[in-house]
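Peer 1: Provided below are the primary sequence and the corresponding predicted coordinates.
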Amino acid sequence: MEKTAEQIRQDVIKQLKWDSRIKSENIFVEVTGHTVVLTGTVSSNLQRISAENDCRSVQGVSVVDNRLQVMKPATEQIPDEKIKWNIESALSLNSTINASMIEVAVNNGKVTLAGSVDQFWKKLKIEEIVSNVPGVYEIVNTLTVVPTHSPFDQAISTDILSAISRLGRINPESIHVEVNGGRVRLRGKVPDWQSYSAAYNISKHTNGVTDLINELVISE
């Protein structure tokens, strides 16, 4: 039996309350059909991202419109210099990242990342690391992806679809992969959150990808 919008809404609210990373008191959930709209405030970029992922994991959710605003807690008093030092230390400890290519600027808890990486997934990984540093409440990620070599767009598309087909749970014919200069756009329908996440992760880790727009829809 298909869930009603109110049943989906209640499940999303419970999922947000369950997640210990999120303070959900100021998050408001609206559901129309299978689309969830999140409004309100959270205290960090990590909470904003986590809330969206929690919504997508709920059965019956197809689309998430994340309008959450990140508000710096009034009690947050960590100096920008300390935040910057902690970020640079965390990046230098990750062996997959060349921290010397990353420029970090912090202004009142707002972090701007500049520089370059050689793989798209590293750009996202750096943002994830920075999100976990205390005192960070907003991230502007301007890192550019400069591959060490440039596969043809068709080869990128083929690699993504081949990897998706090997999963077995997703019909590759339901996925459209558009590649232009290394920028990938995913369209189509997947049956559940696991498939959605798997297709996204495959795409972001494919060699030659410089940017990724995920327009997949979860459709039971």
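Peer 2: Okay, I see it. Numbers count the residues shown, from 1 in each chain.

Peer 1: Could you tell me which ranges of this structure sit under the pLDDT cut-off?
Peer 2: 73-76, 220 (pLDDT under 70).

Peer 1: how much space between the residue nearest the centre of it and Val130?
Peer 2: Nearest to the geometric centre of the chain sits Ile49, at 6.1 Å (CA atoms, centre = their mean). For Ile49, the distance to Val130 equals 12 Å [CB to CB, to the nearest Å]. (Glycine included, C-beta is placed from N, CA and C.)

Peer 1: wait, isn't the residue nearest to the centre of the chain in contact with Asn132?
Peer 2: No: using CB atoms under 8 Å, Ile49 is not in contact with Asn132; the gap is 11.0 Å.

Peer 1: Okay, and the residue nearest to the centre of the chain sits in which element?
Peer 2: Following DSSP states H and E, one finds Ile49 within helix 45-56.

Peer 1: Which positions in that helix come out as buried?
Peer 2: For helix 45-56, a neighbour-count test (16 or more other CB atoms under 10 Å) marks 45-52, 54-56 as buried.

Peer 1: I'd like to know which of those residues is nearest to Ser100.
Peer 2: Asn45 (24.1 Å; CB to CB).

Peer 1: List the contacts of that closest one.
Peer 2: 70, 127, 131, 136-139 (CB atoms under 8 Å, 6 or more residues apart in numbering).

Peer 1: if you look at those residues, which of them are in helices?
Peer 2: Secondary structure assignment by DSSP state H places 127, 131 of these in helices.

Peer 1: between the contacts of Asn45, which is closest to Ser195?
Peer 2: Nearest member of the contacts of Asn45 to Ser195, counting by CB to CB, is Glu127, at 23.6 Å.

Peer 1: Return the set of residues that bridge with the closest residue to that closest one other than its chain neighbours.
Peer 2: Spatial nearest neighbour of Glu127, excluding adjacent residues (CB to CB, 6 or more residues apart in numbering): Asn141 at 5.1 Å. Taking DSSP bridges as the rule, Asn141 bridges to Leu113.

Peer 1: Gly188 now?
Peer 2: Bridge pairing for Gly188 - DSSP bridges - gives Ile175, Leu216.
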